[in-house]
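Student: Pasting the sequence and the predicted model now:
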Amino acid sequence: MADLKKTPKHLLVVDDEKGMRDLLADYLSGLGYKVTCAVSGQEALQIYKQGNFDIILSDLLMEPMGGLELLKNIRDINPDALFIMITGYPSIKSSIEAMKKGANDYIIKPFELNEIKLKIERVILEQHLHGKLRETQGIVWALIISIPVWLALGIILARMFIK
């Protein structure tokens, strides 16, 4: 995965608890990520609109805009944004709703910092592999389209020289 981290990733950390924001910002900065923090979903949305972020890590329950509403708004701006939801109040309903709305992953507090690192690396890898898959599909379609063209051209040229 080393080649995927050549360019530093810019993360947006959103949590209304200062201690959690500071903990995540310090840890992720120490891993080499560029980190920007927001104290609310509203602030995060404004920051997101002005910046270029690779991953958003957001608390689920915040006022006045929670993580699910932030996720929806960010997905409206960028459907491919990578979004990891964090919550201290887990429920099956909230995790299903977060994933349905497009969260790439879901982390339950309390968590180990290494878990955050692994989740971030996993979503980066998934995005990379998805991009490679789209690239490969494009090549396959180009071949599917071009082979009949080359065959037809070969037949036409062969007929010209056979006469």
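Tutor: Yep, that arrived. Numbering: from 1, shown residues only.

Student: Next, give phi and psi for residue 79.
Tutor: Here is the backbone geometry of residue 79 (degrees, to the nearest 10): phi -60, psi -20.

Student: swap in the one 3 residues further on?
Tutor: Comment: the main-chain dihedrals of residue 82 come out as phi -90, psi 130, following degrees, to the nearest 10.

Student: List the residues that contact it.
Tutor: Taking Cβ atoms under 8 Å, 6 or more residues apart in numbering, we find residue 82 in contact with 54-56, 104, 123-124, 127. C-betas here are computed from N, CA, C, even on glycine.

Student: which sections of this structure are below the confidence cut-off?
Tutor: Residues of the chain meeting the criterion pLDDT under 70: 1-8, 130-134, 137-138, 140, 143, 163.

Student: Kindly provide the distance from the residue nearest the centre of the chain to residue 57.
Tutor: The chain has residue 82 as the residue nearest its centroid, 2.0 Å off, counting by Cα atoms, centre = their mean. The gap separating residue 82 from residue 57 is 9 Å, by Cβ to Cβ, to the nearest Å.

Student: hang on, the earlier thing: how about the contacts of residue 82 in JSON lines, adding distance to residue 116, neighbour count and secondary structure?
Tutor: Shown next, in JSON lines, are the contacts of residue 82 (distance: Cβ to Cβ, whole Å; neighbours: other Cβ atoms under 10 Å; DSSP: H, G, I helix; E, B strand; the rest coil):
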{"residue": "54", "distance to residue 116": "15", "neighbour count": "18", "secondary structure": "coil"}
{"residue": "55", "distance to residue 116": "11", "neighbour count": "22", "secondary structure": "strand"}
{"residue": "56", "distance to residue 116": "13", "neighbour count": "26", "secondary structure": "strand"}
{"residue": "104", "distance to residue 116": "13", "neighbour count": "21", "secondary structure": "coil"}
{"residue": "123", "distance to residue 116": "11", "neighbour count": "18", "secondary structure": "helix"}
{"residue": "124", "distance to residue 116": "13", "neighbour count": "18", "secondary structure": "helix"}
{"residue": "127", "distance to residue 116": "17", "neighbour count": "17", "secondary structure": "helix"}
